[in-house]
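Trainee: pasted the sequence and its predicted model underneath.
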Amino acid sequence: MIFESHAHYDDEKFDIDRDDLLERLPNEGVEYIINVAANIDSAYKCVELAKKYDYIYAAVGVHPDDVENMKKEDLKTIKELSAYDKVVAVGEIGLDYYYENSSKELQKFWFREQIETAKELQLPIIVHSRDAAIDTMDIIKSTDAKQIGGVIHCYSGSSELAREYVKMGFYIGVGGVVTFKNANKLKEVVKEISIDNILIETDSPYLAPVPNRGKRNDSSNLKYVIQQIAELKNMSYEEVLKSTYENAKKLFRIK
């Protein structure tokens with residue numbers, strides 16, 4: 001009954017065993033996966049995976065690292081792909097000032113444009129924000145993105161900002177980082193916000209949790225994330241599992 005809210009199984013790191021892995025994961029308790037696009041090519045692959053596997057759904061959008069060559073026609077493609085009923089979100093979209101592969105102004109422009117596209121489509125957004133906490137919040141507020149809601153993926157901000165996102169109806173995405181010894185800020189966020197506002201994710205193939213840190217990640221590792229959240233919130237494993245499952249089904253409108 002695990003709901004994986006953020007993975008990239010179209011990534012080339014899975015080329016050697018993708019089908020074997022995706023056929024195995026339901027036997028390890030993974031009931032749903034949202035496979036999230038990084039660019040337009042990736043978006044097509046996400047839709048193909050959703051067509052091939054009943055339990056996989058897709059998000060389509062362009063990651064801030066990939067907006068350098070983005071065109072207006074790409075927004076049209078996002079809309080066209082979203083006509084498929086298993087496309088349940090626009091993402092991942094947002095701001096990344098850590099790598100800054102694209103200029104900050106360009107990132108902000110395409111973040112706004114993709115939010116407006118999501119509003120047209122009435123789909124939630126999956127937000128990437130790295131070293132850009134204030135600008136991310138400002139854009140989400142100025143575009144009135146609370147109309148559609150979404151998740152702040154791989155959350156790395158403060159407890160104060162997390163509470164503000166939750167007030168606007170957004171979820172906080174928690175992944176393998178929460179198991180790292182130095183992840184004190186994220187652990188405080190998990191303690192402070194309600195379990196009703198948390199989604200679990202792997203960001204596979206990246207950010208594998210302890211005890212598999214540094215290895216290729218996959219959704220079977222979510223058990224370590226669930227266990228850590230349960231410990232931080234003084235809840236049972238089953239309570240965290242059930243709540244995060246229901247939260248994700250609600251956000252992505254999966255019945």
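Mentor: Received it, and whenever you're ready, just let me know what you need. Numbers count the residues shown, from 1 in each chain.
Trainee: off-centre distance for the strand or helix carrying residue 128?
Mentor: Following DSSP states H and E, one finds residue 128 within strand 125-130. Centroid separation between strand 125-130 and its chain, computed with C-alpha atoms, centre = their mean, to the nearest Å, is 7 Å.
Trainee: which element follows that strand toward the C-terminus?
Mentor: Downstream of strand 125-130, the next assigned helix or strand under DSSP H and E is helix 133-142.
Trainee: what mean pLDDT would you report for that following helix?
Mentor: The predicted model assigns helix 133-142 a mean pLDDT of 98.
Trainee: Provide the contact partners of that helix at residue level.
Mentor: 94-95, 97, 104, 108, 111-112, 115, 127, 129, 145-146, 152, 156-158, 161, 164-165, 168, 170 (C-beta atoms under 8 Å, 6 or more residues apart in numbering). The way it works is simple: take the backbone N, C-alpha and C, and place the C-beta from them, glycine included.
Trainee: check which residues of it are buried.
Mentor: Neighbour-count burial for helix 133-142 flags 133, 135-137, 139-140 (criterion: 16 or more other C-beta atoms under 10 Å).
Trainee: mean confidence score for the strand holding residue 128?
Mentor: Averaging pLDDT along strand 125-130 gives 98.
Trainee: same check, this time on stretch 220-229
Mentor: Computed over stretch 220-229, the mean pLDDT rounds to 98.
Trainee: wait, isn't residue 130 in contact with residue 156?
Mentor: Yes. At 6.7 Å, residue 130 and residue 156 qualify as touching, with contact defined as C-beta atoms under 8 Å.
Trainee: what's the burial count for the spatially closest residue to residue 216 that is not a sequence neighbour?
Mentor: If you skip the residues right next to it in sequence, residue 216 has residue 205 as its closest partner in space, 4.7 Å away by C-beta to C-beta, 6 or more residues apart in numbering. For residue 205, the tally of surrounding residues (other C-beta atoms under 10 Å) stands at 17.
Trainee: got the contact list for residue 205?
Mentor: For residue 205, the contact set (C-beta under 8 Å, 6+ apart) comprises 8, 11, 13-14, 216-218.
Trainee: residue 6 now?
Mentor: By C-beta under 8 Å, 6+ apart, residue 6 lies in contact with 34, 36, 92, 126, 151, 153-154, 173, 175, 199, 201-203.
Trainee: picking that back up, quick one: the strand holding residue 128 to helix 133-142, angle?
Mentor: Between strand 125-130 and helix 133-142, the angle comes out at 160 degrees (axes from the mean of the first three to the mean of the last three C-alpha atoms, to 10 degrees).
Trainee: now residue 67: how far from residue 11?
Mentor: Distance of residue 67 to residue 11, given as C-beta to C-beta, to the nearest Å: 19 Å.
Trainee: those two: which is more packed in?
Mentor: Neighbour count, other C-beta under 10 Å: between residue 67 and residue 11, residue 67 has more, with 25 against 17.
Trainee: buried sites along stretch 66-86?
Mentor: In terms of neighbour count (16+ other C-beta under 10 Å), stretch 66-86 has its buried residues at 66-67, 70, 74-75, 78, 81-82, 86.
Trainee: what's that stretch in contact with?
Mentor: With C-beta under 8 Å, 6+ apart as the criterion, stretch 66-86 contacts 38-40, 43-44, 47, 50-51, 56-58, 60-62, 87, 90, 101-102, 106-107, 110, 113-114, 117, 120-121, 123.
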